[in-house]
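A.B. asks: Next comes the sequence, and after it the predicted model I'd like to discuss.
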Amino acid sequence: MTGASAKSARAATAAKNESISGLAVSRGLVSGPVLIYGGGHELVVPEYSVAPEKTAAELARYDAARLETRRQLESLVSELDARTDSENARIFANHLMILDDVAVVGAVQDVVRRENINVEAAMRRVVDGYRKSFARMNDPYLRERVRDLDDVERRVLGNLLGKTDEPLSQIDRPMILVADDLTPSETASLPRSAILGIATNRGSTTSHVALLARSMGIPAVAGLGDITERVSPGDEMLLDGTRGVVVIAPDEATAAEFAKRKKAVDALLAEFGTSGAETAARPIGVSLLANVQPGMPFDGLAESGAQGIGLYRSEYLWINAEREPGEDEQTAAYVAAVRAASALGDGARCVFRVFDMGGDKFANGVKNAEMNPFLGNRSLRWLLANRHVFRTQLRAMLRASAHGPAAVMYPMVATREELREANAVLGEAMEQLHMAGIAFDKSIPKGAMIEVPSAAINAKGLAREVDFLSIGTNDLIQYTMAADRGNGSVAYLYQPTNPAVIRLVDGTVSAAHEMGVKVSVCGESASDPVLAFLWTALGVDSLSMSSGFIPPVRKVFRALAPADAAELADAVRASLDDSSAEEIYELCSAFILARLPARESFEEFIGKPRKRSI
């Protein structure tokens, strides 16, 4: 037997009823035959010399290819507007921005002129340089921009080389697509009626592909490692996009159990889209708000049941444009957000987080030469060291406040003195607008983010300086546990229900309420129904999350009562000295499930944490 044959035999044997865990990126359960996709055509990029007198003609080829790429992308935008929603069309609107980016276009043109080489080779050199820069960054959003660059490069090069076929568009029967990874363009071109689910070796929960899969209603599991090597075309597969698990070649009993679960989960998921009066109800008194960022349209906020914008990530105005945005440009973006929030109902507002730069979020022009940027000059510290940038942004936010309810929020606050300095800069911005006769909300609320242990411990003192507090659980967990949430080797320490984290959240809420200040949670933990109810039980006044997670959280909340929240809080507090993070999560999950109708369906939806050993 040859090496290749032996490998195939081992794979076939291992595949029988084999369960593989990955990342749950798009909810839903599906079963069907496997289609292995090897990726679009591999583009071999030639490099050859171009005579100086033919440089103009070479650059004209580049312009023509970019024009055809623009036509293709605009067609995709129109198609996605019709098939899903404008948020997903925005992905390809961003691709259009990359296509027309003056830095990229200018660099390609310069290489052609300076090196006297063909435009395909010049483009590959330029994009490779960007790829290396983004590869050094840890932020999932920024890493995803590499995929955007790859996608745009592939389209332009394809048009230059005359290779523009779309192999995935030819799928004509229901299959589960198995691939190493997919580009946004490949995902968007999937024939929805023929793709049951997606399973990939690579990918993340924050990728554009994950976003597109969720919006198109395609269950998906990513980060499966070597799934393409473990299956063969036509193999039967069970795919659980809710738990992040696939099963290869299931036996009869496994398939029957999966079908039972699928029926229960599908019935529950079908109920999550309810709206109207039920959407607005808040039986346990907590507001459900949306996290947004520049470039996201606001069309779906009302449909999701969002009662305001609890976190507007302003730094992506800079990161997306790769240059510092001007005051007028910022004002226009902030006004649009304020108006969108105002339309969500009485009392709805938009909470603007000022530029949260540094750590793993870098923008063009922001220097980062520190040994440990996560513990260095980032976020509010950087703004206080660059007050001209800070004042410009605050003026823009204040100008937007004249168009609807808004609030300003400072990230990564560590001391009371930082808050006082930030408020002083806000006062300077107000004075400048007042002197210029420009309208703004003179009593705009000010908030501080609780993301480091020192802020949580000193929450009472910080509450004296602001109008509200917002707990950023992503960083609070990371700094409390001294574990980089992007580092797989210490991922087991990223524990929202670790007793230390719960004590910090509980203490923050108690201290703030003593001072008459409300508290929100705006970290990603709010999107987990179990954690969302835990934070609510501890007294949080509002929860802010990606709008797509609001319906299922609301569905769980509507089945619970205020007395349930008080009882869970007591139970959790009593367990802190003797329980692990996993045990506390299990306690919360079991407590909630015991009070929900159709418990089995909710249990399949909520799932249980996977035990991790150190």
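C.D. replies: Received, thanks. Residues are numbered from 1 along each chain as shown.
A.B. asks: Give me the distance between the longest helix along the chain and the centre of its chain.
C.D. replies: Counting residues, the longest helix in the chain under DSSP state H turns out to be helix 55-83. Here helix 55-83 shows a centroid-to-chain-centroid distance of 27 Å under the convention CA atoms, centre = their mean, to the nearest Å.
A.B. asks: Can you work out which other helices and strands pack against that helix?
C.D. replies: Under the contact definition 3 or more CB pairs under 8 Å, 6 or more residues apart in numbering; DSSP states H and E, helix 55-83 sits against helix 86-99, helix 102-115, helix 119-135, helix 140-161, helix 184-188. Every residue, glycine included, has its C-beta placed from N, CA and C.
A.B. asks: pLDDT on that helix, on average?
C.D. replies: For helix 55-83, mean pLDDT rounds to 78.
A.B. asks: ditto for stretch 234-247
C.D. replies: Mean predicted confidence for stretch 234-247 is 89.
A.B. asks: can you check stretch 328-338 too?
C.D. replies: pLDDT averaged over stretch 328-338 gives 95.
A.B. asks: Give me the residues contacting it.
C.D. replies: Under the contact criterion CB atoms under 8 Å, 6 or more residues apart in numbering, stretch 328-338 has outside partners 292, 294, 298, 309, 312, 314, 317, 325, 349-350, 352, 392-393, 396-397, 399-401, 403-406.
A.B. asks: try it again with 6 Å
C.D. replies: 294, 312, 317, 350, 396-397, 399-400, 403-404, 406 (CB atoms under 6 Å, 6 or more residues apart in numbering).
A.B. asks: Least confident of the helices and strands packed on helix 55-83, on average?
C.D. replies: Out of the helices and strands packed on helix 55-83, helix 86-99 stands lowest, with a mean of 62 (criterion: mean pLDDT).
A.B. asks: ends of stretch 434-445, how far apart?
C.D. replies: End-to-end distance of stretch 434-445 (CA to CA, to the nearest Å): 18 Å.
A.B. asks: which of the residues in it are buried?
C.D. replies: For stretch 434-445, the neighbour count (16 or more other CB atoms under 10 Å) marks 440-441, 444-445 as buried.
A.B. asks: With secondary structure as added columns, please give those in CSV.
C.D. replies: Output for the buried residues of stretch 434-445, formatted as CSV (DSSP: H, G, I helix; E, B strand; the rest coil):
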residue, secondary structure
Phe440, coil
Asp441, coil
Ile444, coil
Pro445, coil
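A.B. asks: Among these, pick out the one closest to Val517, please.
C.D. replies: Taking CB to CB as the measure, Val517 lies nearest Pro445 of these, at 10.2 Å.
A.B. asks: any idea which helix or strand comes after the lowest-mean-pLDDT helix or strand in the chain?
C.D. replies: For the chain, using mean pLDDT, DSSP states H and E, the weakest element among its helices and strands is helix 277-280, scoring a mean of 39. For helix 277-280, the succeeding helix or strand toward the C-terminus, using DSSP states H and E, is strand 287-292.
A.B. asks: Pull out the buried residues from the helix or strand following that following strand.
C.D. replies: Moving toward the C-terminus from strand 287-292, the next helix or strand (DSSP H and E) is helix 301-304. If you call a residue buried by 16+ other CB under 10 Å, then helix 301-304 has these buried ones: 301-302, 304.
A.B. asks: would you list the residues you listed in TSV and tack on pLDDT and distance to Val178?
C.D. replies: What follows is these, written out as TSV (pLDDT from 0 to 100; distance: CB to CB, whole Å):
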residue	pLDDT	distance to Val178
Leu301	90	34
Ala302	90	37
Ser304	86	31
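A.B. asks: Next, format these as CSV and append distance to Arg420.
C.D. replies: Shown next, in CSV, are these (distance: CB to CB, whole Å):
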residue, distance to Arg420
Leu301, 34
Ala302, 38
Ser304, 37
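A.B. asks: Looking at those residues, which is nearest Phe591?
C.D. replies: Nearest member of these to Phe591, counting by CB to CB, is Ser304, at 26.1 Å.
A.B. asks: any idea how far that closest one lies from Val408?
C.D. replies: Going from Ser304 to Val408 by CB to CB, to the nearest Å gives 24 Å.
A.B. asks: go on, Leu29?
C.D. replies: Leu29 is 43 Å from Val408, by CB to CB.
A.B. asks: show me what contacts Tyr130?
C.D. replies: Contacts of Tyr130 by CB under 6 Å, 6+ apart are Leu149.
A.B. asks: shouldn't Phe390 be in contact with Arg381?
C.D. replies: No. Between Phe390 and Arg381 there is no contact under CB atoms under 6 Å: 11.0 Å.
A.B. asks: burial count for Met296?
C.D. replies: 21 (other CB atoms under 10 Å).
A.B. asks: repeat for Val105
C.D. replies: 17.
A.B. asks: hang on, the earlier thing: could you tell me the angle between the longest helix of the chain and helix 119-135?
C.D. replies: 60 degrees (axes from the mean of the first three to the mean of the last three CA atoms, to 10 degrees).
A.B. asks: for Ile444, what are its contacts?
C.D. replies: Ser401.
A.B. asks: typed the wrong thing, it's Val553
C.D. replies: Going by CB under 6 Å, 6+ apart, Val553 touches 529, 532.
A.B. asks: got a pLDDT number for it?
C.D. replies: For Val553, the pLDDT comes out at 87.
A.B. asks: and this structure, what are its domains?
C.D. replies: 3-40+167-269, 52-161 (automatic domain parsing).
A.B. asks: Minimum distance to Arg595: which of those domains has it?
C.D. replies: Closest to Arg595 of the domains of the chain is domain 3-40+167-269 (CB to CB; 15.5 Å).
A.B. asks: on that earlier part again, need the domains of the chain in JSON lines with distance to Met449, can you?
C.D. replies: Conversion of the domains of the chain to JSON lines gives the following (distance: least, CB to CB, whole Å):
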{"stretch": "domain 3-40+167-269", "distance to Met449": "20"}
{"stretch": "domain 52-161", "distance to Met449": "17"}
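A.B. asks: Nearest to Ser547, out of these?
C.D. replies: Nearest of these (CB to CB): domain 52-161, 8.9 Å.
A.B. asks: Now do the end-to-end distance for the closest one.
C.D. replies: Using CA to CA, the two ends of domain 52-161 sit 21 Å apart.
A.B. asks: Brilliant, that's me finished.
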